[in-house]
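Peer 1: This is the structure alone, sequence omitted:
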């Protein structure tokens with residue numbers, strides 16, 4: 001007799017939100033706000049975490065839709081718009097990876 005993974009983990013699929021799947025859930029939120037541009041290593045680590053996240057596109061959409069600030073979907077937003085200064089460490093390759101991950105839409 002086998003059980004589904006959600007049952008084994010005690011997860012009710014009907015109550016699951018995209019935020020429950022985010023790799024940053026339960027982590028240090030300062031890495032997505034104050035610490036992000038204060039330290040290039042933190043910024044790069046945060047970028048890589050976002051690029052590995054299964055809900056990166058949903059996260060970015062949420063940040064834009066709600067006029068958020070901080071890192072949403074791998075991009076630092078200010079009032080829901082790409083903040084070029086706080087994303088200045090990103091290379092062309094990083095932007096390309098982000099755009100591929102969110103469906104090919106240019107974002108910068």
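Peer 2: That came through fine. Keep in mind that this is a model prediction, so the values were computed, not measured. Numbers count the residues shown, from 1 in each chain.
Peer 1: Only C-alpha atoms from now on, for both contacts and neighbour counts.
Peer 2: OK.
Peer 1: Give the next helix or strand downstream of the worst-scoring helix or strand of the chain on mean pLDDT.
Peer 2: Across the helices and strands of the chain, mean pLDDT, DSSP states H and E gives its lowest value to helix 5-9, namely a mean of 65. Counting by DSSP states H and E, the next helix or strand C-terminal to helix 5-9 is helix 40-52.
Peer 1: Low-confidence regions, the protein specifically.
Peer 2: Scanning the chain with the threshold set as pLDDT under 70 gives 1-3, 5-6, 8-11, 106, 108.
Peer 1: So what does the residue nearest the centre of it look like in phi/psi?
Peer 2: Of all residues in the chain, the one closest to the mean position by CA atoms, centre = their mean is residue 73, 2.9 Å from it. Per-residue torsions, residue 73: phi 60, psi 30 (degrees, to the nearest 10).
Peer 1: That one and residue 59: what is the separation?
Peer 2: 5 Å (CA to CA, to the nearest Å).
Peer 1: Over to residue 99?
Peer 2: 14 Å.
Peer 1: Comparing the two, which residue is more hemmed in?
Peer 2: residue 59 (22 against 16; other CA atoms under 10 Å).
Peer 1: any idea which helix or strand carries that one?
Peer 2: Going by DSSP H and E, residue 59 is part of helix 56-65.
Peer 1: If you count contacts, what does that helix end up packed against?
Peer 2: strand 70-72, strand 75-78 (3 or more CA pairs under 8 Å, 6 or more residues apart in numbering; DSSP states H and E).
Peer 1: among these, which is nearest residue 25?
Peer 2: The closest of the helices and strands packed on helix 56-65 to residue 25 is strand 70-72. By CA to CA, the value is 12.3 Å.
Peer 1: List the buried residues for that closest one?
Peer 2: 70, 71, 72 (16 or more other CA atoms under 10 Å).
Peer 1: And the last one, how far from residue 56?
Peer 2: Right, residue 72. From residue 72 to residue 56 the distance is 8 Å (CA to CA).
Peer 1: Likewise for residue 44?
Peer 2: From residue 44 to residue 56 the distance is 16 Å (CA to CA).
Peer 1: which of the two has more neighbours?
Peer 2: residue 56 (25 against 17).
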